[in-house]
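Asks: Kindly return the folded structure for what I paste below:
(2 chains)
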Amino acid sequence: MHKITLMLTPAQIQSLAPDEPSMKSGKGLSVRNLWLTACRTERSLWGEIKGSGSKPYQTQVDLQNLAFKCNCPSRKFPCKHGIGLMLLWANDAFAVTQAEEPSWVAEWMDKRVAKAEKPAEPKEQTEDDLAKLKKSKQKRADDRMMAVEAGVGELTLWMSDLVRTGLLQLPNKDRSFFEKTAARMIDAKATGLASWVKSLGKINYYKDNYIWQNEALIILAKMHLLTTAFRNLESLPELWQHTIKSLIGWNQSPKELLADESTAIIKDIWIVVGQETTTEEDIIIQRSWLIGINTQRSALILNFGTRFAPLDISVINGSIIEAGVVFFPSVWPQRAVIKLQNRVLDQLPQSTVCLPNIDALYEYIAKVYAEYPFATDICCLVSDIRPLSNEGIFVGVDKEGRYVQILSDMETDKLIQWLAITGGDFYDTAVIIRNNKMLPLGIIMDNKYVLI
Amino acid sequence: MKQSWTEIMSSALLGTDKRPLDISILPEDVKLELSQIGPQSPENTLLKAAAIHHFYNQSGTEAAKLKSDVAIIKIEESKSYIKRNYINIYHRITETGYYEKEYLLNLWLDKVIGQNSIAAPEIILSIINLGTGLSKSTRKKILTILGERAKAILPLKPDFKTKELMVGGIDQWKEGSPEERRSIITDLREKDATKAINLIKEDWATETIVFKRTIIDLLSEQTHPIELAFLKSLYESEFAAKPKEKKTEIECRALLAKSLLKDVNSILYQTTLHHLKMYAGQEKKSGIIGLLTGSKERVIQVPIVVDTFFNGENMLYMYGIDPKNPDAALYKTDMIYWFSELLTILPLSTLMSILSKSKEEVLEYLVSHDDFKAKIEGKEVSVLLNALSENVKNNRDQELLDFILKFDTNQQKYLLLQYSESTFYEAYVIKEKLFLDAQVITHHPATNEDWSPYFSTKMLEATYKSLVVDKKHYYDKINLLMAKHLHVSSLSRLEDMYQSAVSDHYKEYWISHVYKPAKTSIEIKSSISQL
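Replies: Now for the predicted structure:
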């Protein structure tokens, strides 16, 4: 397969930086004469820069399957040298010369190529081994099912008690009340349910009464629906079983999904319309939303990292990629993995098909909820939307004057950026609908996707 | 739907023990769904009803419509956006250090203003954020390059303090805060001094005494000829001495006297000259020459007892000088103290004319004559030296400054360097080799200009020698100032130093603290000059 060299924009490089100081330092290093060498081939970019040690640091970037390597002592990934080198090239293509890879670059690149082309072969197993494996797998599955059933039973009782005695008591409950139950759910291997319980504990009970009361009742109602569905699991169609189990906390393995040859690959030009990174209990979760311009499908790519295991940086916010995506089975397939990536485009090859207006957006939302009531973030492209302050509240409005309120926790600076780049004009806009509010992600302007 | 949700919520809040849900009030569709599930516990019924109700509601919600037809206003710009090369330089400026950033930004802003262009949409937010917290003059320039769409979003950035920058409106003059009003007059004086003084006069009668002092202070700092008549009238009428004066009124008179004494045609100057002439006398020259030759010199014979001029009341009435001698050890008599106070505001040309001496001779006389000396802690000090230093600040007298720098042994004298001209300052620093004296370097009078090429190179060489050759650290602020002020022509010297063979911790420090920031700053300055 012909691989394409990634040519990232400074904004995309910024999205790769682990933090603001790294980006700032990287910018400082994006000056040609600070680098002793700065060269590239079609597949790699490398440079040597003087550091505090006696020998210069060697920095290298895999341009076809984005990855960084540097022998500086930084634990950040990519380090400031990697960012600096990429920025140097992005800002001035002539600052980096075409050259043959030195041995230290060729060695690393060859290893990466070999690994990508030839995955490790599984150990050969006998029929006996396979039977044992199957048996132990079945036992683990049975054990887990029993544990979850017990957890669901316990949670049902906990919810019933809450509703029987009244939600007015919730603001007086201390954190341990929720944490204890969440921990019980984790013990029962129902991590999805644990998250629901935790979200109940995270509600701001000092907010407007109307707000917390609604939030609490809706979470409990959804948990009830989910636990009821789980108890009826066997009577549900297979796809629903998958969906319910994944909501309860059964893991979905990207590795297995990628290995499964039967899964349909959705090939399209995908826009990485937005990215959100959150940290939950020391785990960094990066959500990247993609929209296919031909299939008009949306996809959610999840990446996980920790302080010591950096996030996979191959999905670049705002980029346009020609790729094949595989979806985890679900009633409303959203979570996906990129199976193959052909090339990165610097602009859209054709106009995109969007929902024509906000009425159509609402119809789409209703359709999604009808299919899958647990949908949380609904990502789509809507035609001709512009920002507007309506009686002091920001909304996204269409040409007919229909509007959706902007999520209150959207950063003011992002809102201002939206106003600045659109100048009050209507643009096709990528949005996420979350709790019936709108989170604008970017706009399509002159065949390019511009992040907000 | 709303009523039935309220009913569900009431049951949920109070608990099904106290208030089981009455499903009869629920919408038919919800009731139908519930009936299909079969009999349930009150808790399950409530949660199911809530879930179905919520999902129905969520799916069935219609988009809201604006109450009135909002005009589709696309913001049109009358000016063109800056080009890509301007944007690239702007991004480089944002990465520079705190000290040089605002300076470089101003150079860039001047170019953009000169081009009559406006900030491109992609940098609008960034430049507003960058401007927040910078000086008012920089923010004013930023405001100039913001187009219509940027101005439309400024209300969302209250920290940028746009209102403070919208200068000149009569409404703002009438109703603005004292700070805003001072700013209006400052700006107007630069553009149209006549209009400014007329505006001041128009509302003078109703101003507070504190604001009046602010305005007089502003006018007395550098008085425009057109303002003299107004200041004179204030001195003679409103702030003429009267019984039971407020402290602020006396301060106003002192400021007015300071301003009027700079004008040789003013009555105050002429009166002062006339009085001081009466104290001019002759006495034998001191020292061996005087003894041998018997030659005489003209002196000011400050009286030893109060008289019609040197008396507390007159000093207060004429010059706003506090009559009380604050330091009897330093000023042997009240008259010496008053003379010293007069000397802070009196142009030295007055004494040159009275004593028929050159400026240097006058200064020599003032600091060395026995009448103006005192013994403090066993040391002989010149009591008029502080007054002369103050005179430098008030009259920006370079010769006087030169004299004080030679004569005074106190390190504080260097603070006066900020009142000198750049050429004088740089020559002095080079001559005295004061490159590493942070107190001196931080008081370079060119606060918003590049240093001269020669001075820049000298600074570079001195700091390199100290840090890399002698391995001695100095106050880091000097490095910050170099990044800001080094002349673009010093780049080649900087590169030579970078290429030199030395490589150790000190050189690394020099690279990161001097070379890199200075180089970046010089490169940006060069790029801006080429725009």
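Asks: List the contacts of the residue in the stretch 151-300 of chain B positioned nearest to chain A.
Replies: Relative to chain A, the nearest point of the stretch 151-300 of chain B is B:I153 (4.8 Å; CB to the nearest CB). For glycine as for every other residue, the C-beta is placed from the backbone atoms N, C-alpha and C. By CB atoms under 8 Å, 6 or more residues apart in numbering or on different chains, B:I153 lies in contact with A:I416, A:L419, A:A420, B:I124, B:L125, B:I128.
Asks: 6 Å - rerun?
Replies: Contacts of B:I153 were listed using CB atoms under 6 Å, 6 or more residues apart in numbering or on different chains, and they are A:I416, A:L419.
Asks: Next, it: secondary structure please.
Replies: helix (DSSP: H, G, I helix; E, B strand; the rest coil).
Asks: Can you tell me how far it is from B:L231?
Replies: To B:L231, B:I153 is 44 Å away according to CB to CB, to the nearest Å.
Asks: sec struct for the residue nearest to B:G312 when sequence neighbours are not counted, please.
Replies: Nearest non-adjacent residue to B:G312, counting by CB to CB, 6 or more residues apart in numbering or on different chains: B:P323, 2.9 Å away. Under three-state DSSP, B:P323 falls in the coil class.
Asks: A:G28: neighbour count?
Replies: Each residue near A:G28 was counted by other CB atoms under 10 Å in any protein chain shown, and the total is 21.
Asks: What residues does the stretch 151-300 of chain B have near chain A?
Replies: Residues of the stretch 151-300 of chain B lying near chain A by CB under 6 Å from any CB of the partner chain: B:I153, B:L156.
Asks: Low-confidence stretches in the stretch 151-300 of chain B?
Replies: B:167-171, B:285-294 (pLDDT under 70).
Asks: Same check on chain B?
Replies: In chain B (pLDDT under 70), the answer is B:1, B:68-74, B:167-171, B:285-294, B:501.
Asks: Pick out the residue closest to the middle of it.
Replies: For chain B, the residue nearest the mean C-alpha position is B:S135 (7.4 Å; CA atoms, centre = their mean).
Asks: Strands of chain B, start to end?
Replies: Ranges of strands in chain B, per DSSP state E, are B:64-65, B:280-284, B:296-300, B:373-376, B:379-382.
Asks: Paired strands for the shortest one, with orientation please.
Replies: Sheet pairing of strand B:64-65 (DSSP bridges) gives strand A:402-405 (antiparallel).
Asks: For the partner strand, list every residue counted as buried.
Replies: For strand A:402-405, the neighbour count (16 or more other CB atoms under 10 Å in any protein chain shown) marks A:R402, A:Y403, A:V404 as buried.
Asks: could I get those as TSV with pLDDT and distance to B:D110?
Replies: Listed next are the buried residues of strand A:402-405 as TSV, based on pLDDT from 0 to 100; distance: CB to CB, whole Å:
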residue	pLDDT	distance to B:D110
A:R402	92	46
A:Y403	93	42
A:V404	94	43
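Asks: Leaving out chain neighbours, which residue sits closest to the residue in chain B positioned nearest to chain A?
Replies: Residue nearest to chain A within chain B (CB to the nearest CB): B:G15, separated by 3.0 Å. Nearest non-adjacent residue to B:G15, counting by CB to CB, 6+ apart: A:G166, 3.0 Å away.
Asks: returning to that earlier point: give me the phi and psi angles of the residue nearest to B:G312.
Replies: Per-residue torsions, B:P323: phi -70, psi -20 (degrees, to the nearest 10).
Asks: Against B:L467, how distant is B:D504?
Replies: 11 Å.
Asks: neighbour-wise, which of the two wins?
Replies: Using other CB under 10 Å as the criterion, B:D504 and B:L467 rank with B:L467 on top: 20 against 10.
Asks: thinking again about what came up before, just the buried residues of strand A:402-405 now: which is nearest chain B?
Replies: Nearest member of those to chain B, counting by CB to the nearest CB, is A:R402, at 4.1 Å.
Asks: got a list of what that closest one touches?
Replies: Counted by CB under 6 Å, 6+ apart, A:R402 has contacts A:I358, A:D359, B:A63, B:K65.
Asks: export those to JSON lines and tack on neighbour count and distance to A:D260?
Replies: Formatted as JSON lines, those follow (neighbours: other CB atoms under 10 Å in any protein chain shown; distance: CB to CB, whole Å):
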{"residue": "A:I358", "neighbour count": "28", "distance to A:D260": "38"}
{"residue": "A:D359", "neighbour count": "15", "distance to A:D260": "39"}
{"residue": "B:A63", "neighbour count": "19", "distance to A:D260": "40"}
{"residue": "B:K65", "neighbour count": "15", "distance to A:D260": "47"}
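Asks: out of these, which one sits closest to B:A241?
Replies: Nearest to B:A241 among the contacts of A:R402 is B:K65, at 72.9 Å by CB to CB.
Asks: in the sheet, who's paired with the closest one?
Replies: A:R402.
Asks: ok, it touching A:G401?
Replies: Yes. If you go by CB atoms under 6 Å, B:K65 and A:G401 touch, sitting 5.2 Å apart.
Asks: got the residues of chain A near chain B?
Replies: Residues of chain A lying near chain B (CB under 6 Å from any CB): A:27, A:160, A:163-168, A:217-218, A:221, A:224-225, A:358-359, A:362, A:366, A:369-370, A:373, A:401-403, A:413, A:416-417, A:419-421, A:423-425.
Asks: which of these are buried?
Replies: A:27, A:160, A:163-164, A:166-167, A:217-218, A:221, A:224-225, A:358, A:362, A:369, A:373, A:401-403, A:413, A:416-417, A:419-421, A:423-425.
Asks: Restricted to helices, list these.
Replies: A:27, A:160, A:163-164, A:217-218, A:221, A:224-225, A:358, A:362, A:369, A:413, A:416-417, A:419-421 (DSSP state H).
Asks: So A:D268: helix, strand or coil?
Replies: A:D268 is classified as strand under three-state DSSP.
Asks: Could you check the pLDDT of the closest residue to it other than its chain neighbours?
Replies: Counting by CB to CB, 6+ apart, A:G292 is the residue found nearest to A:D268 once chain neighbours are left out, at 3.4 Å. Listed pLDDT for A:G292 reads 96.
Asks: Kindly provide the distance from the residue nearest to B:G312 to A:W158.
Replies: 85 Å.
Asks: What of B:T344?
Replies: 82 Å.
Asks: now the stretch 101-250 of chain A, which segments are flagged as low pLDDT?
Replies: In the stretch 101-250 of chain A, residues with pLDDT under 70: A:117-122.
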